[in-house]
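Trainee: Test case, fold it:
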Amino acid sequence: MAVFPLIREPDRYKPGPIDLEADAEARAHWLEHFRDHLDTLMPLLYQQAATPDQRERADRFAREYCDGVDRLAAHPEDFAGRCNIVFDYLRDGLLREHGFPDPYKAIKDAENNRAVALYPALVGELAGHADLRELIEVLVRNVFAGNIFDMGSLAFVAAYQSSGQDFFATRRNLRRRPWLIDHLDRLTDFLIDGRFSDVMMFVDNAGADVVLGAVPFAKHLARCAERVTLVANSLATLNDITIDELNIVLNRLRAVDDELDAMLWAGRLTTLASGTGEPLLDLTTVSEQCADRARACDFLILEGMGRSVESNREVEFLCPTLKIALLKSEFIARRLGGQIYDPVCRFELPSA
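Mentor: A predicted model of the protein is given here:
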């Protein structure tokens, strides 16, 4: 594993801005959140447990998971300055250990199918936007609308289980500008100027997030950049798309999108495994290939609440950076002075 080379101060890097050892309120929130999350996770494990042995492994996972959360609650010093990624390591490590590496696989596949079916209509709609500034705003709104799909958000899970997900309705109902963090005008100027040639975009969720949000945005960038790289998790976590799933989805989309197909054949649009397997992004543990590719990158995009807000929010990078997400946590939104489902479009230029 390698340290991401675009971090301005790697020696001072921390994945998340919240120190759970020192921040009692945040610690209490995440302890409760991860305990409650078990209620949405266990039914998925039982659905995959076809034998008594598998059901026993699911129960053993639950016991060890609860014991781990309880140990952390009893010993705050064990957080040692870490953010809530420690809970992700606990959950996902135990899931893999007990034979459940991808509990959300069926949900991801279903949402990928739904999004792929909508993709041609979205491509046609985007082609009708002749004004470049207007098109960029629509592309950004697409990212927000897709990014609502988050099975780690208890608020979204409740809504999803009740009525599913409607991408176009979500986009229509997004909050009006100015957003909680709204650097869209600055971002648009930068994109129109085209002062970039090699882009890395860390993508987030399966379904509408990647298909209707990230891919159309990446296609637009690839029209003027020499290379755009979509970076996905190596291992499964929640409903985040993995590198293998991303490649399968792109092969399905290129069959109905000649422009995308040409970009993929020419290497203008490529994919890469991050080396990571958590919803938050620790940039000290990326793959060697990811670190190598980053050395040529002159525009970095961190997409999704886990990658750009819960982690890496205050991290400065050596190139222009877009941190873009829809907030699906009331606690995180309140900490930022906003409310749940606020959009965040944070565009940063490196300091001199």
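
Trainee: residues of the helix or strand hosting I107 that come out buried?
Mentor: Assigned by DSSP states H and E, I107 belongs to helix 105-127. Using 16 or more other Cβ atoms under 10 Å as the test for burial, helix 105-127 gives K105, I107, K108, E111, N112, R114, A115, V116, Y119, L122, V123. No exception for glycine: its C-beta is placed from N, CA and C like everyone else's.

Trainee: So which elements touch that helix?
Mentor: The criterion is 3 or more Cβ pairs under 8 Å, 6 or more residues apart in numbering; DSSP states H and E, and the helices and strands that helix 105-127 contacts are helix 24-48, helix 132-147, helix 167-172, helix 208, helix 215-222, helix 243-254.

Trainee: Output the ones you listed in JSON lines, with distance to K328, mean neighbour count and mean pLDDT appended to each entry.
Mentor: Listed next are the helices and strands packed on helix 105-127 as JSON lines, based on distance: least, Cβ to Cβ, whole Å; neighbours: other Cβ atoms under 10 Å; pLDDT from 0 to 100:
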{"stretch": "helix 24-48", "distance to K328": "12", "mean neighbour count": "16", "mean pLDDT": "95"}
{"stretch": "helix 132-147", "distance to K328": "8", "mean neighbour count": "21", "mean pLDDT": "98"}
{"stretch": "helix 167-172", "distance to K328": "12", "mean neighbour count": "16", "mean pLDDT": "96"}
{"stretch": "helix 208", "distance to K328": "14", "mean neighbour count": "29", "mean pLDDT": "97"}
{"stretch": "helix 215-222", "distance to K328": "19", "mean neighbour count": "23", "mean pLDDT": "98"}
{"stretch": "helix 243-254", "distance to K328": "21", "mean neighbour count": "18", "mean pLDDT": "98"}
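
Trainee: Which among those helices is found nearest to V157?
Mentor: Among those, the nearest to V157 by Cβ to Cβ is helix 24-48 (5.2 Å).

Trainee: just checking, next helix/strand downstream of the closest one?
Mentor: Next along from helix 24-48, by DSSP H and E: helix 52-74.

Trainee: What ranges does the stretch 201-350 of the chain have for its strands?
Mentor: Secondary structure of the stretch 201-350 of the chain (DSSP state E, counting those that start in this stretch): strands at 227-232, 269-273, 299-303, 321-326, 343-348.

Trainee: now those strands as CSV including mean neighbour count, mean pLDDT and distance to D204?
Mentor: CSV is the format used below for the strands of the stretch 201-350 of the chain (neighbours: other Cβ atoms under 10 Å; pLDDT from 0 to 100; distance: least, Cβ to Cβ, whole Å):
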stretch, mean neighbour count, mean pLDDT, distance to D204
strand 227-232, 24, 98, 9
strand 269-273, 20, 98, 14
strand 299-303, 25, 98, 5
strand 321-326, 26, 98, 8
strand 343-348, 22, 98, 13
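
Trainee: Let me know whether R268 touches A225 as I believe.
Mentor: Yes - contact status for R268 versus A225: in contact at 7.3 Å, counting by Cβ atoms under 8 Å.

Trainee: Report pLDDT for S163.
Mentor: The model reports S163 with a pLDDT of 69.

Trainee: Ignore what I typed, I meant G81.
Mentor: At G81, the model reports a pLDDT of 72.

Trainee: which ones are touching it?
Mentor: Neighbouring residues of G81 by Cβ atoms under 8 Å, 6 or more residues apart in numbering: K14, D19, E21, A22.

Trainee: again, only using 6 Å
Mentor: Taking Cβ atoms under 6 Å, 6 or more residues apart in numbering, we find G81 in contact with D19, E21.

Trainee: you'd agree it is in a strand?
Mentor: No - counting by DSSP: H, G, I helix; E, B strand; the rest coil, G81 is not found in a strand; it is coil.

Trainee: which SSE is L94 in?
Mentor: Per DSSP H and E, L94 falls inside helix 85-97.

Trainee: Show me what that helix is packed against.
Mentor: Helices and strands touching helix 85-97, by 3 or more Cβ pairs under 6 Å, 6 or more residues apart in numbering; DSSP states H and E, are helix 52-74.

Trainee: and with 7 Å instead?
Mentor: Where contact means 3 or more Cβ pairs under 7 Å, 6 or more residues apart in numbering; DSSP states H and E, helix 85-97 is packed against helix 24-48, helix 52-74.

Trainee: How about residues contacting it?
Mentor: Here helix 85-97 makes contact (Cβ atoms under 7 Å, 6 or more residues apart in numbering) with 15-16, 30, 34, 61, 64-65, 68, 79, 101, 103, 237, 277-280, 282, 311.

Trainee: same deal with stretch 106-121?
Mentor: Contacts for stretch 106-121 (Cβ under 7 Å, 6+ apart): 149, 151, 167, 206-208, 211-212, 239, 241, 245, 249, 252-253, 256.

Trainee: so which pair among those is furthest apart in space?
Mentor: In terms of Cβ to Cβ, the contacts of stretch 106-121 reach their longest pairwise distance at M151 and V256, which sit 26.9 Å apart.

Trainee: So these two - more neighbours on which side?
Mentor: More crowded of M151 and V256, by other Cβ atoms under 10 Å: M151, with 24 against 13.

Trainee: how close does that one sit to L187?
Mentor: In this view, M151 and L187 are 28 Å apart by Cβ to Cβ, to the nearest Å.

Trainee: What of L264?
Mentor: Distance of L264 to L187, given as Cβ to Cβ: 25 Å.
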